[in-house]
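J.: can't give you the sequence, but here's the structure:
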């Protein structure tokens with residue numbers, strides 16, 4: 001059981017490091033007013049879906065993205 005908790009902590013640390021790298025890339029690649037979506041983050045930042053999803057949602061929570069008209073549509077960087 002201790003090994004599982006340790007592995008879970010390692011996985012979370014790796015995810016956090018990847019998300020920081022992806023978020024940094026987003027700020028380098030996307031400018032204010034640019035279209036942004038999970039697939040665009042994946043392609044332009046060369047990351048996986050899960051990291052792009054977490055970063056996209058984090059940017060929404062931080063009010064750095066203006067949500068598109070529909071839930072799955074393209075949004076805009078603020």
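T.: All right, it came through fine. All values derive from a computational prediction rather than experimental measurement.
J.: any idea which element the residue nearest to the spatial centre of the chain lies in?
T.: Nearest to the geometric centre of the chain sits residue 55, at 1.8 Å (CA atoms, centre = their mean). In the assignment (DSSP states H and E), residue 55 maps to helix 49-61.
J.: about what we covered before: the residue nearest to the centre of the chain and residue 41 touch, don't they?
T.: Yes. If you go by CB atoms under 8 Å, residue 55 and residue 41 touch, sitting 6.3 Å apart. No exception for glycine: its C-beta is placed from N, CA and C like everyone else's.
J.: Give the residues shared as contacts by the two.
T.: Common contacts of residue 55 and residue 41 (CB atoms under 8 Å, 6 or more residues apart in numbering): 22, 26, 47.
J.: Any chance of the backbone angles for the last one?
T.: When read as degrees, to the nearest 10, the backbone of residue 47 gives phi -130, psi 170.
J.: For this protein, just list every one of the strands.
T.: 35-36, 65-66, 75-77 (DSSP state E).
J.: returning to that earlier point: relative to residue 61, which of the shared contacts of residue 55 and residue 41 is nearest.
T.: residue 26 (13.9 Å; CB to CB).
J.: what sits against the closest one?
T.: 36, 41, 45, 55, 59.
J.: Quick one: residues contacting the third one.
T.: Translated: residue 45. With contact set as CB under 8 Å, 6+ apart, residue 45 has these partners: 22, 25, 26, 29, 52.
J.: so how many other residues sit close to residue 62?
T.: Other residues near residue 62 come to 10 when the count uses other CB atoms under 10 Å.
J.: From the contacts of residue 26, pick the one nearest residue 74.
T.: Using CB to CB, the contacts of residue 26 come closest to residue 74 at residue 36, 7.1 Å.
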